[in-house]
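Visitor: here is a sequence with its predicted model. Questions after.
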Amino acid sequence: MSQSYGMTVAAPHTTTSNNPGRIMTLVMLALAPATFYGFWLYGWPAFFLWAITVASAMLGEAFCLRWQNRSAAPVLQDGSAILTGWLLAVSLPPWAPWWIGVFGGLFATMLGKQAFGGLGQNLFNPAMVARVALLISFPVQMTAWVAPLPMFSAGAPGMLDGLLIVLKGMPQSLDAVTSATTLGFGKTELSRGIDLLESLPHAPALSFIGNRPGSLGETAAWLILAGGVATMFLRIITWHIPLAMLAGIAIPAAILHAVDPARYLDMGAHLLSGGAMLGAFFIATDYVTSPNSPRGQLIFGFGCGALTYVIRTWAGYPEGVAFAVLLMNSLTPIIDTYFKPRIYGRDRKGKPLQTAN
Amino acid sequence: MLMSVGSLAAMGLALGSVLGVASRYLAVEENPIEAELQAMLPGSQCGQCGYVGCAQAAAALAKGEAPVTLCPPGGKATAEALAAKLGVKVDLSKVADTGPQIAEVTEEICIGCCRCMKVCPTDAIIGAAKQIHNVIREACTGCSSCVDVCPTEALGMMPIPVTLQHWTWPKPASAHA
Amino acid sequence: MGFLDRFLNKPSWGVHPDDHKRPGADVPLRVLPTPERVYMPLSQHVGGAARPIVLVGQKVLKGQLIAEAQGNISAPIHASVSGTVTAIGDVTAPHPSGLPFKAITIDSDGLDRWVANPLADPFSVAPEEVARRAALGGVVGLGGATFPSAVKFALGKRLKVSTLIVNGGECEPYLSSDDRIMRDFADQVVDGARLVMYAIGASEALVGIEDNKPEAIAAMRKAAEPYPEVKIRPVPARYPMGSDKQLIQTLTGKEVPSDARAAEVGVLVHNVSTCAAVHKAVRLGQPLVERIVTINGGAIANPGNVFVPLGTMIGEVLAFVGLKEAPSRLILGGPMMGTPLLHDRIPIVKGASGILAFNAAEAMVPEAGPCIRCGSCTKACPMGLLPLEMAARIKVGDLEGAEAYALQDCISCGCCAYVCPSHIPLVQYFSHAKGELTAAERTKLRTEATKRLAEAKAARIERENREKAEAAARRKAERDAAKAATAAPPVTTEKQGVSA
């Protein structure tokens, strides 16, 4: 009867069974169908590039942790390094050389995340930071797109050949595979003075299924959409950022295409091409770098979408998701400061409500 | 070439003198730091720091003549606050942090000489000649001037007891800073 | 998702932890046999501790006044057993610190003789008299807040409150004492509610009961049938629906401003058990000396509700209900906001709605990880705060920054810490910060008082010196005058020695 019950523990004395590892695992499961489709569509090189990128991301994190004399295994188990590497991998050109994956993976976790203080402390999305660093440093390799060459079809490289392609670069025999994406093709032709109505029929066809040149995991729009909606039903993300971002791309596209179809791509093309779907559901929704309140998330998402459209249409790069996301990430603290949820008993400005007497 | 060198040099000189003039005529007034420092000190004018009163100690601190560890009743907390305000680094390991303390009279030994009452800066000791003295807890600041003058060592410093109303939750220990 | 919740008629705030109420809630009420000894704490309510008016060795009857209320916000204490007062001393308080507080020990004579002062028709006396009898009966808020009820009645009457909200929410998991009192004593609850309405001058009573208590809703509907002004309103089961701000919003749609009390929006909230206690105190003249306590948790052999005299040691109640194993943690209250107890030699107090004895699995505290800024906490917070921002600031010592995020509006419900995937002890951060800010405020007041005292002493010394100097000058002037007077007749040339 005179037993002591241990040290004082604060309430609450019960907690959820959710944990970061579970959240990351569910997101990876939602990404898996689109990624496996990418492996099948682009062949073995794509698979090896993905593996190398994910491994490099994990290696970078482990290195930083050991450098701080902390044990790496518990932190790696929360799955965030794997997810960062995965998201970076699916935004790379599928046949990029191995060192692109290594550099990107290490950059993402070491400089994009651990340098800020680890999980929860980074200001910018690590995968997008790495992608932008790669794009600016190695523009040729990062814009070397290939036409789809499904895994077991004629002419597709086998497993060993795929590994060699990743390690040594594309052999001469497969040179005909290189291709441009729709966005890139359209932009190049416009800069040559040929308007879209003439050039688009010659461009690689856009495909909802995904059978088109593009990044490793971004082409199968319907699989990404399904995965994104799954994460919404699993209550990992809410609808605010994805819907706002897609609206931010679609609305300007629709308006401008109606005004001048010769110069501006239509809404469907914009939504299906590039990283729009992936960005909306998996990249802009990153917890750490997006605002916390619903209104802030809507503004953030719409900003990402609008900036993507602006960069795609008028800036020097054909694809703008990565830059747009990074720019909006830098605005997240300001959005968080000015768009807080309304507190019970106070008005929107934070003053106590007035009683009606 | 001479033109470019000459024009840049002239611009540099001109802009430099503009900055110099501005630093003199548009200088920002320093905040009166003395008043803020004095507010941080206990205010009992006990004199343990060696200065006559807390105002003089604050003046010395502002001039940089006194160390931030000068106030024994303030303990570690005051030293830290002063260091933060003045922007100095201080080694607090030597500061004896006994925590907040108040004086207590051991009634069996008190002879009622009234010497302690005269030195108490806040009149926290009640009593009269040949009557046993006692310390009013709420008024005692822990300056310990009374302990020094008591001829029978009836006065001692005790830590302020933690009561149910004053207990607070400690900050959760972080797994990794 | 936010919009799905609206279709399912559930509030978007709060959490829905596992209930754990049944089978304990369905077990019939057990009555604890009169204990041999009870320890009646003097402070079982918000406000000043009561002052003992009995002496050691005095014989008392059950229900006899043993400690008087002190001050405007206080409540009296009555003996919960008949017997002899054997001590007035320290007993461990039901507080996480384990510090002691004062209690009156009464050894029971086993006879349980009551002293009671019934009032046949309370509705015939003035409302103030009803409130006075509730005050004399030591009735305080039995939902856990223990605010003296009579003080609340006076407030309600002064502000002309029109709606009484009777809180039958009991949103905390494991607890079912309110459920039990509604099922078994619905008449007492309804009568008490009507008495409170009369005391404060309200025209209607809304009884909010969570919809996970269908039996209680049915019993209360039956008891309230003859009284159309008492309306039974089931509410969605979601923690913390029993919090008064949330219940007021759900039942009336009104929002209490952050710097106002509920009475200022025309409502007053009282727990169902409090209403039953008002009925007993006013109509039956029985002061508050016993209550229903839920005993639940993984370490309890037969969980359920027990009718317990106040002041009974918790260990005795646990032994009566039966333990399966040695508990890994004892909690007073529910798991979301309950107080951890250091041992079981602590008396049952008025606010003890439940005692939980957790087994090792339930008591397991997962290790806290870094904040991933997922925002689950802010979605769950019923007050609309940003726990992640407040905790980040408190962690680095920026307490003023946390206050700027409305830290003082936090009701410490625990929803944020419950949903955090990284299991960060958010409520502990906020409790720590609130405590530190209060302590800093106290220190500031103490420093100001010190300065005033020091100045007062300096002024006193100066005044004394001045008076001494004036007195000396006066004496000198008198001596000079006397000298001049005696020196006037030229004959006498006595030299007078003047002492300096």
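Guide: Received the coordinates, thanks. This is a predicted model, so every value here is computed, not measured. Numbering: from 1, shown residues only, chains lettered A, B, ... in the order given.

Visitor: alpha carbons only for contacts and neighbour counts from here, please
Guide: Will do.

Visitor: can you tell me how far residue C:486 is from residue C:228?
Guide: Distance of residue C:486 to residue C:228, computed by Cα to Cα, to the nearest Å: 100 Å.

Visitor: who's more crowded, the two?
Guide: residue C:486 (15 against 10; other Cα atoms under 10 Å in any protein chain shown).

Visitor: what mean pLDDT does the helix or strand where the more buried one lies get?
Guide: Take DSSP states H and E as the rule and residue C:486 turns out to sit in helix C:426-487. Rounded to a whole number, the mean pLDDT of helix C:426-487 is 89.

Visitor: helices or strands next to it in the packing?
Guide: Counting contacts by 3 or more Cα pairs under 8 Å, 6 or more residues apart in numbering or on different chains; DSSP states H and E, helix C:426-487 packs against helix C:387-395, helix C:415-419.

Visitor: tell me how far that helix lies from the chain's centre.
Guide: 39 Å (Cα atoms, centre = their mean, to the nearest Å).

Visitor: surely residue A:279 meets residue A:321?
Guide: Yes: checked against Cα atoms under 8 Å, the pair residue A:279 and residue A:321 is within contact range at 6.5 Å.

Visitor: chain A: which of the helices and strands packed on helix C:426-487 is closest?
Guide: helix C:415-419 (4.3 Å; Cα to the nearest Cα).

Visitor: so does that closest one get close to chain A?
Guide: Yes: using Cα under 8 Å from any Cα of the partner chain as the criterion, contacts between helix C:415-419 and chain A involve C:417-419.

Visitor: now render these as CSV, adding pLDDT.
Guide: Formatted as CSV, the residues of helix C:415-419 next to chain A follow (pLDDT from 0 to 100):
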residue, pLDDT
C:417, 95
C:418, 96
C:419, 95
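
Visitor: how many neighbours does the closest residue to residue B:146 other than its chain neighbours have?
Guide: Computed as Cα to Cα, 6 or more residues apart in numbering or on different chains, the closest residue to residue B:146 that is not its neighbour in sequence is residue B:116, at 4.7 Å. Using other Cα under 10 Å, residue B:116 has 23 other residues around it.

Visitor: by contact count, what packs against the one helix or strand residue B:116 maps to?
Guide: For residue B:116, the host element (DSSP H and E) is helix B:115-119. Helix B:115-119 is packed against strand B:125-126, helix B:145-149, with contacts defined by 3+ Cα pairs under 8 Å, 6+ apart.

Visitor: list the buried ones in it?
Guide: By 16 or more other Cα atoms under 10 Å in any protein chain shown, the buried positions in helix B:115-119 come out as B:116-117, B:119.

Visitor: same question for stretch A:317-324.
Guide: A:318-324.

Visitor: stretch A:328-348 close to chain C?
Guide: Yes: using Cα under 8 Å from any Cα, stretch A:328-348 reaches chain C at A:340-346.

Visitor: domain map for chain B?
Guide: What automatic domain parsing lists as the domains of chain B is B:33-94, B:101-159.

Visitor: among those, where is the model least confident on average?
Guide: Averaging pLDDT over each of the domains of chain B puts domain B:33-94 lowest, since it has a mean of 76.

Visitor: model confidence score at residue 77, please.
Guide: Defaulting to chain A. 84.

Visitor: my bad, the chain I had in mind was chain C
Guide: 95.

Visitor: tell me how many other residues surround it.
Guide: 32.

Visitor: dihedrals phi and psi, it?
Guide: Residue C:77 adopts backbone torsions of phi -120, psi 140, taken as degrees, to the nearest 10.

Visitor: skip the chain neighbours and tell me the closest residue to residue C:18.
Guide: residue C:173 (6.9 Å).

Visitor: list the contacts of the one you found.
Guide: Going by Cα atoms under 8 Å, 6 or more residues apart in numbering or on different chains, residue C:173 touches C:17-21, C:334-336.

Visitor: just say helix, strand or coil for it.
Guide: The three-state label given to residue C:173 by DSSP: H, G, I helix; E, B strand; the rest coil is coil.

Visitor: give me phi/psi at it?
Guide: phi -60, psi 160.

Visitor: near chain C, which residues of the stretch 151-300 of chain A are found?
Guide: A:232-233, A:235, A:238-239, A:287-288, A:292-293.

Visitor: now, which of these sits nearest residue A:139?
Guide: residue A:288 (28.2 Å; Cα to Cα).

Visitor: what's the burial count for that closest one?
Guide: Other residues close to residue A:288 by other Cα under 10 Å number 21.
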